[in-house]
Every structure is written in structure tokens, then in C-alpha cells.
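1. Kindly return the folded structure for what I paste below:
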Amino acid sequence: MNLDNLKDEEVIHLYSDSIKELKKRNIIRTKNVLGELGEYLAINFYNSHSGLPKLQTAPIGTQNVDAMSRNGERYSIKSCTTNTTGVFYGLQPKGSNIPDKQAFEYVIICQFDDDCELQRILELSWDKFLIHKHWHSRMTAWNLTITKEMVADCKVIYQK
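-> All right, here's what the predicted structure looks like:
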């Protein structure tokens, strides 16, 4: 589809119509398009490949948990187009001596290119998450930076 000939208002409406259609197809539930797209693709990938846990979507608003396995394992799913994930709220702040209560068993990272095409899916355990988390001072929460060292500690679920 060539968008060059469309007026600005028409392009804006395309975005709105796309959001509505993605919701109608149950691909997304909110307006967090990239985050929801990652959750949808990750859950579908896990559910359609043998040897991977079967996941179901967690209720909207469940802090740090986006999916659960049939065995009760909790998964936080983060989507990004760069090497930095969104933040994880509800954990102890930087410098705290109080150990974090385990918020999930695994982080799934869906890394996309600028065209929203899935490049890879990584899975990181809670213990490895604690090693690789970085403090985001502006957001006052933790995130992950995707480095070679972190990827070495991940299970690569999918690589384009």
C-alpha cells in the first residue's frame, strides 16, 4: 500500500482503523501496540511449538506478568525495537538491601526491527534477570539492556 498519496488526516485514520482491527482480531487488547504485538506473537509461538510451555494471557493490569504456563510459571513479556526493554515496576529500588520478591519465573524479550517485524525471541530466567537488570533513574524502575553477555545467558527461542 502506497501511503504517499494520502492526506495527513487519512494516514491518521489508517492508524486508528488499524488499532480497531487489531483489537477486533484479538491481537491486541490495549493501545500499547508494540507491547501487545510482542505478547501475542510470543504466546502464539510458544503454543505452536512442541517442547515449549503452553502459555495463556494474564489479566490486563497484572504487574510484571503477561502470561502463565499450565504449570503456573509466570512470564513477563517485553517488546523492543532497540536494545533496551521497557521497565519492570514493583521491584526494590537501586541500593536497597531488601531482596526482591520473585515477580516472575521468566522474561520473554521480543525484539523487533523498525518495520515491526519480529527478529528474535529470547527467554531469561529470574536469576539471570537479577544479574542483568539495569536501573533506569528517570523511570525509577529496572529494565534490561540486550548485550552479548545477556544473550549468552538467554535461551534463544526464535531467531530470524
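2. hey, let's count contacts and neighbours off CA atoms from now on
-> Fine.
3. Residue 124 - how many residues pack around it?
-> Neighbour count for residue 124, taken as other Cα atoms under 10 Å: 23.
4. residue contacts, it?
-> Contacts for residue 124 (Cα atoms under 8 Å, 6 or more residues apart in numbering) come out as 106, 107, 108, 153, 154, 155.
5. Show me what it is bridged to.
-> Assessed by DSSP bridges, residue 124 has beta-bridge partners residue 107.
6. Distance-wise, check it relative to residue 13.
-> 38 Å (Cα to Cα, to the nearest Å).
7. Ok, residue 111 next?
-> Residue 111 is 27 Å from residue 13, by Cα to Cα.
8. the more surrounded of the two?
-> Ranked by neighbour count (other Cα under 10 Å), residue 111 and residue 13 place residue 111 first, with 24 against 12.
9. my read is that one is in a helix, agree?
-> No: judged by DSSP: H, G, I helix; E, B strand; the rest coil, residue 111 forms no part of a helix; its state is strand.
10. contacting residues for it?
-> 79, 80, 81, 82, 83, 118, 119, 120, 121.
11. my guess is the second one meets residue 34, correct?
-> Yes: the pair residue 80 / residue 34 is scored as a contact, 7.4 Å apart, by Cα atoms under 8 Å.
12. Can you give me the buried ones in stretch 93-107?
-> Buried residues in stretch 93-107, counting neighbours by 16 or more other Cα atoms under 10 Å, are found at 93, 103, 104, 105, 106, 107.
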